[in-house]
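In: predicted coordinates and the sequence they were generated for:
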Amino acid sequence: MNLTLAYRGRSAIVSSPGGLAVSLAPNLRRDRVAFDAAFLQPLRFREAIGALHDVVVSDHRYHAKDNSAYENYLAERNQREAEIRRTATSRTRTAILKESTGVDPAAIAAFETDYRRLRNQYWGARQKYSNYLSRHDPELWRLLVPCDPVVTVAPDCLFFECFSVDESSYGCLTVDRGAFSGERDVALGTTNVDYSWSLYEHFQTLRSYRETRFLVDPGGIEVKAGEGPGYREEKIDLPPSWLRGFMQIQAAMSLPMRRVAISREGLYSVLAFLKRHRASRSPRAVRFELIPGQPVAIVLEPWERRIVLHSLPYDGPRSEVIRVWGRDRLRLLARLLPLMDEAEVYLLGNGLPSFWSVRMGEMRLLLGLSGWTANDWTGSGALDQLAPPAEPSDALLGDIAAAFEDSPAKTFDQIRQRTGAAPAYVAAGLNRLALMGQLIHDLHAGLYRWRQIMPVALALDAIGPENAETAAARELVSHGKVKVTRDDRRDDGLRILEGEVPDRPVSLLLDADGRMLRGKCTCSHHFTGGLRRGPCRHLQALRDGSRTAQPLRSLDAWFAALGI
């Protein structure tokens with residue numbers, strides 16, 4: 001997918017006798033978005049936007065150990081050996097050329113010497129430049145992150161969204177409109193902004209003793225393409241994987257979650273212990289032990305370090321233990337501890353994504369983490385299976401979109417009243433629009449906000465192919481290759497399924513909503529990742545092949561789990 005971005009000038013911080021002005025250059029290719037106001041707490045914004053920048057440039061993928069010293073030794077040894085071979089070859093060639101006639105040996109030797117020197121000079125400079133960019137040049141992140149950060153001006157807040165380099169972390173900084181004073185020109189909407197490394201460096205110069213104004217430049221958006229000073233245009237090949245991952249995040253935030261409150265002392269204890277200790281063996285999970293009415297316990301594996309949040313009892317409906325991974329990425333929150341008022345964690349389930357929310361007065365940073373770094377947002381198949389078991393109609397999607405015409409932020413009940421549809425189908429429609437990049441779910445405020453991640457609405461096939469295991473499961477079911485041998489309902493409401501798909505013994509344990517809890521299959525996909533990578537085609541085919549024709553009942557059960 002090709003995305004064109006056009007800016008008038010570059011984002012910058014401009015000094016004036018009255019203070020500083022943070023001016024963000026918006027994308028001219030999108031609808032007019034503007035904002036101009038003064039910060040009441042510029043230091044909070046400096047630290048919050050700094051943490052968001054850390055999310056943008058973070059890359060926690062595995063990187064090989066630096067063996068440059070040993071490699072240099074081998075290179076020197078190989079160079080000595082090559083020199084000996086070249087000397088012997090040169091002597092032999094000179095002797096042969098002396099015996100020939102009409103050829104000047106000195107000219108041939110000079111030509112070969114110049115050729116080797118220039119070739120080595122070219123490839124040496126090329127390799128050196130490549131290594132420098134990959135290791136030292138901060139501007140490289142502008143190439144790795146295929147789209148500039150997204151800024152949305154809403155009636156009650158501003159929020160900034162970004163995606164990490166390794167596509168495993170999502171950051172959203174929300175700033176209430178109450179954090180500003182002296183608002184002048186406000187135009188609601190969503191746009192990309194030019195955010196360079198130099199702008200981040202300028203953010204660090206913000207101080208509390210001088211006024212700082214924040215501007216999404218309204219004049220820049222009104223300039224026609226190709227006209228006006230400082231106009232520049234960038235064309236970016238937007239990878240479908242990046243876009244799909246960004247939208248998977250939004251869809252995940254509309255699914256049922258467990259909310260766990262964390263105190264500042266508790267978060268500090270987690271980060272401090274992880275900074276001082278490095279696990280040398282598995283497991284490396286963060287385990288949440290949740291018992292209604294009891295203090296929440298966070299256990300760090302494999303040390304079994306237990307951190308009990310005595311002041312914050314769990315208010316969930318039932319007892320459970322949830323393990324999540326990717327704890328190294330939590331260090332991005334360390335710089336927010338001095339400003340933090342409270343924090344919350346939203347958990348989807350074992351090995352599934354988690355969302356960490358930190359409130360700093362009128363600002364809040366949401367950090368969304370995939371199940372683990374290698375299982376990034378773009379490759380996670382489990383979220384597709386957590387989606388509501390329904391296909392919302394185009395008419396319903398249009399009604400939900402029309403409900404946001406008078407206000408870009410609405411509660412679930414307001415949307416349901418405007419559409420008149422059943423709550424279960426409204427929830428399914430909201431999930432689908434989130435997956436299409438049309439809206440975002442504000443977890444803390446309990447609002448759905450109309451926010452188009454792209455200037456135009458996108459079809460699902462435009463953000464990448466369907467999960468391969470899901471497509472293969474559909475083929476198995478359509479060809480009648482699923483044989484169910486057992487379908488029992490236990491006293492506790494759980495459902496046991498056993499069968500053969502095809503000629504392969506498989507078994508499943510489903511909850512009352514049809515969600516997979518445990519499974520057993522002999523295929524390589526399930527053996528290497530279990531359900532954390534998403535169920536294999538055989539487990540999906542067994543579940544889909546055993547479904548009865550009661551979609552509304554199943555969808556109502558899914559909606560009841562939302563707890564809205």
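Out: Yes, it's here. Residues are numbered from 1 along each chain as shown.
In: contacting residues for residue 274?
Out: Shown in contact with residue 274 (CB atoms under 8 Å, 6 or more residues apart in numbering): 300, 327, 328, 330, 331. In this view, the C-beta of every residue, glycine as well, is placed from N, C-alpha and C.
In: among the residues you listed, which ones are buried?
Out: 300, 327, 328, 330 (16 or more other CB atoms under 10 Å).
In: from the residues you listed, which ones fall inside helices?
Out: Among the buried ones among the contacts of residue 274, no member falls in helices (DSSP state H).
In: quick check, nearest of those residues to residue 180?
Out: For those, the closest approach to residue 180 (CB to CB) belongs to residue 330, at 29.6 Å.
In: from residue 476, how far out is the closest one?
Out: Distance, residue 330 to residue 476, using CB to CB, to the nearest Å: 40 Å.
In: please apply the same query to residue 407.
Out: 45 Å.
In: tell me which of these two has more neighbours.
Out: residue 476 (19 against 14; other CB atoms under 10 Å).
In: next, that one: secondary structure please.
Out: Look at residue 476: counting by DSSP: H, G, I helix; E, B strand; the rest coil, its state is helix.
In: which residue, other than its chain neighbours, is closest to it?
Out: Nearest-residue entry for residue 476: residue 541, 4.1 Å, with adjacent residues in sequence omitted and distances by CB to CB, 6 or more residues apart in numbering.
In: and that neighbour, what helix or strand is that in?
Out: Under the criterion of DSSP states H and E, residue 541 resides in helix 537-545.
In: by contact count, what packs against that helix?
Out: Judged by 3 or more CB pairs under 8 Å, 6 or more residues apart in numbering; DSSP states H and E, helix 537-545 is in contact with helix 468-478, strand 495-500, strand 505-510, strand 516-520, helix 524-529.
In: all strands for the stretch 351-500 of the chain, in order.
Out: Remark: strands assigned in the stretch 351-500 of the chain by DSSP state E, counting those that start in this stretch are 354-360, 363-369, 409-410, 439-442, 447-450, 483-489, 495-500.
In: partners of the last one in the sheet?
Out: Sheet partners assigned to strand 495-500 using DSSP bridges are listed as strand 483-489 (antiparallel), strand 505-510 (antiparallel).
In: how big is the angle separating the helix holding residue 541 from strand 516-520?
Out: Calculated by axes from the mean of the first three to the mean of the last three CA atoms, to 10 degrees, helix 537-545 forms an angle of 130 degrees with strand 516-520.
In: pLDDT of helix 537-545, averaged?
Out: Helix 537-545 carries an average pLDDT of 85.
In: list the buried ones in that helix?
Out: Those would be 537, 538, 539, 540, 541, 542, 543, 544, 545, for helix 537-545 by 16+ other CB under 10 Å.
In: out of those residues, which one sits closest to residue 211?
Out: Nearest to residue 211 out of the buried residues of helix 537-545 is residue 540 (CB to CB; 57.8 Å).
In: apart from its chain neighbours, what residue comes closest to the closest one?
Out: residue 473 is the one closest to residue 540 (CB to CB, 6+ apart), at 3.6 Å.
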